[in-house]
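*Asks:* Model the following, please.
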Amino acid sequence: MVILCRLWITGSNSSDLSSSIKSIFGHPSLKNKQKSNLHSPDQRNSVILKKKDFCGCIAPMNILGSLLTPSPTPVQTRPRRGIEIKSKREIEIMRQASRIVATVLKEISQIIEPGMTTADLDAYAEKRIREMGATPSFKGYQGFPASICACINNEVVHGIPSPRKVIRNGDIVKIDTGAYYNGFHGDSCITIPVGEISEEAAKLVKVAEEALYRGIEQVKEGNYLMDLAGAIQDYVEANGFVVVEDFTGHGVGRNLHEEPSVFNFRTHDLKNVRLRAGMTLAIEPIVNAGSKQVRILRDRWTAVTVDNSLSAQFEHTVLVTKTGYEILTDRTLV
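*Replies:* Here you go, the predicted structure:
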């Protein structure tokens, strides 16, 4: 589950703003002329994220007039402070938590089909997480009502599952979930093609997944987070797409969102972080086919692309080692 990295609020007045957004978490759609799961956001009922303002806040946010007030769980602007180095015992627990997440996502990718709803997938995920002895990390977190974030097509992040959100042939569906097991979290996201998808959608999904692995390849003790961010950004842009800059990855462990912020693009706004063995990171590039700008809908969670272009996301929980990395949420191992 990504964290909000920067926020610019646009709206007609402060009352519109306070009623439009308290939380930042995501929704679905597609740039397609034919009838599809395309969400066309009404500007009166949404806000645009578009200006650098590294507020250091995990979503959700509370808007009081035009002022931005951080949530109780901040992402510090000096990320060297408070970064946890996990012990061998803690790493083993995180392996187990992450294995549960990987299992759930692998199973969802196998059962998903046209006609299902995102509420169906949420119910399945929660059932399986609990059967494996864990609890859903997302459900109730900052008020989020479900066990998964489910986004279709142009929905970017934090989509709320609903029985009204029906999956159709040709959709790309992003499923992000986490499991809390024996005091630690695992967190991962995949984008699933449903049936026959367009060439653009297929390329976007492929590039987003490869971008994640390009970033992971830069993970080892002594490297810097900006090495990871640059590798992701360069690969995405070389393939004609853009990285969403309004959300970032994060540290993960005892808390779902920990320091440091894990950027998917180069920035000089925050101090760089040198990687150390024992750090655990949720790396999660979000890639759009059109504009990098996103809009938050009236449900106060769902982010969609401002131009209704497609969006894809992949995420792994990754352990930094002295010689490289270990992907804790590797679905090929379950």
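*Asks:* quick check: longest helix of this structure.
*Replies:* helix 88-111 (DSSP state H).
*Asks:* and it, what does it pack onto?
*Replies:* helix 118-131, strand 172-181, strand 184-193, strand 316-320 (3 or more CB pairs under 8 Å, 6 or more residues apart in numbering; DSSP states H and E). For the C-beta atoms, the positions are set from N, CA and C on the backbone; glycine is no exception.
*Asks:* And those: which comes nearest V157?
*Replies:* Among these, the nearest to V157 by CB to CB is strand 172-181 (7.3 Å).
*Asks:* what separates the longest helix of the chain from the chain centre, distance-wise?
*Replies:* 17 Å (CA atoms, centre = their mean, to the nearest Å).
*Asks:* Then stretch 135-149?
*Replies:* 13 Å.
*Asks:* which of the residues in that stretch are buried?
*Replies:* 136-139, 141-142, 144, 146-149 (16 or more other CB atoms under 10 Å).
*Asks:* Quote the end-to-end distance of that stretch.
*Replies:* One end of stretch 135-149 sits 15 Å from the other (CA to CA, to the nearest Å).
*Asks:* How about stretch 108-123?
*Replies:* 11 Å.
*Asks:* for that stretch, what is the average pLDDT?
*Replies:* Averaged across stretch 108-123, the pLDDT comes to 99.
*Asks:* Show me the contact partners of that stretch.
*Replies:* 28, 124-125, 146-148, 150, 152, 159, 161-169, 171, 173, 175, 190, 192, 194-195, 331 (CB atoms under 8 Å, 6 or more residues apart in numbering).
*Asks:* Mind checking which of those are buried?
*Replies:* Using 16+ other CB under 10 Å, the buried ones in the contacts of stretch 108-123 are 28, 124-125, 146-148, 150, 152, 159, 161-162, 165-168, 171, 173, 175, 190, 192, 194, 331.
*Asks:* all strands of the stretch 201-334 of the chain, in order?
*Replies:* Counting by DSSP state E, counting those that start in this stretch, one finds strands in the stretch 201-334 of the chain at the ranges 242-243, 247-251, 258-262, 280-283, 286-288, 294-296, 303-305, 311-313, 316-320, 325-327.
*Asks:* Just give the strands next to the last one in its sheet, each with its orientation.
*Replies:* Pointing back at strand 325-327 there. Strand pairing for strand 325-327, determined by DSSP bridges: strand 316-320 (antiparallel).
*Asks:* Go through the partner strand and flag the buried ones.
*Replies:* Those would be 316-320, for strand 316-320 by 16+ other CB under 10 Å.
*Asks:* Show the contacting residues for L212.
*Replies:* Contact analysis of L212 by CB under 8 Å, 6+ apart lists 232, 283-285, 314-316.
*Asks:* Pick the one among these closest to A97.
*Replies:* Of all those, A97 sits closest to H316, with 13.1 Å by CB to CB.
*Asks:* got the contact list for the closest one?
*Replies:* By CB under 8 Å, 6+ apart, the residues touching H316 are 188, 212, 216, 282-284, 327-330.
*Asks:* can I get those residues in TSV with distance to A179 and pLDDT?
*Replies:* Formatted as TSV, the contacts of H316 follow (distance: CB to CB, whole Å; pLDDT from 0 to 100):
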residue	distance to A179	pLDDT
S188	9	99
L212	19	99
I216	20	99
A282	13	99
I283	18	99
E284	16	99
I327	16	99
L328	11	99
T329	10	99
D330	15	99
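*Asks:* tell me the two of those that are most distant?
*Replies:* Farthest pair in the contacts of H316 (CB to CB) is E284 and D330. Separation: 15.0 Å.
*Asks:* Who has more neighbours out of those two?
*Replies:* E284 (28 against 15; other CB atoms under 10 Å).
*Asks:* wait, the more buried one sits on F314?
*Replies:* Yes. The criterion here is CB atoms under 8 Å, and E284 meets it with F314 at 7.0 Å.
*Asks:* Relative to R99, which of the strands of the stretch 201-334 of the chain is closest?
*Replies:* Nearest of the strands of the stretch 201-334 of the chain (CB to CB): strand 316-320, 10.3 Å.
*Asks:* angle of that closest one against helix 88-111?
*Replies:* 150 degrees (axes from the mean of the first three to the mean of the last three CA atoms, to 10 degrees).
*Asks:* I'd like the average pLDDT over strand 316-320.
*Replies:* Strand 316-320 comes out at a mean pLDDT of 99.
*Asks:* residues touching the closest residue to T267 other than its chain neighbours, list them.
*Replies:* Excluding the flanking residues, the one nearest T267 by CB to CB, 6 or more residues apart in numbering is A229, at 7.3 Å. Applying CB under 8 Å, 6+ apart to A229 gives the contacts 215, 262-267.
*Asks:* Same check on V262?
*Replies:* 225, 228-229, 248-251, 281-284.
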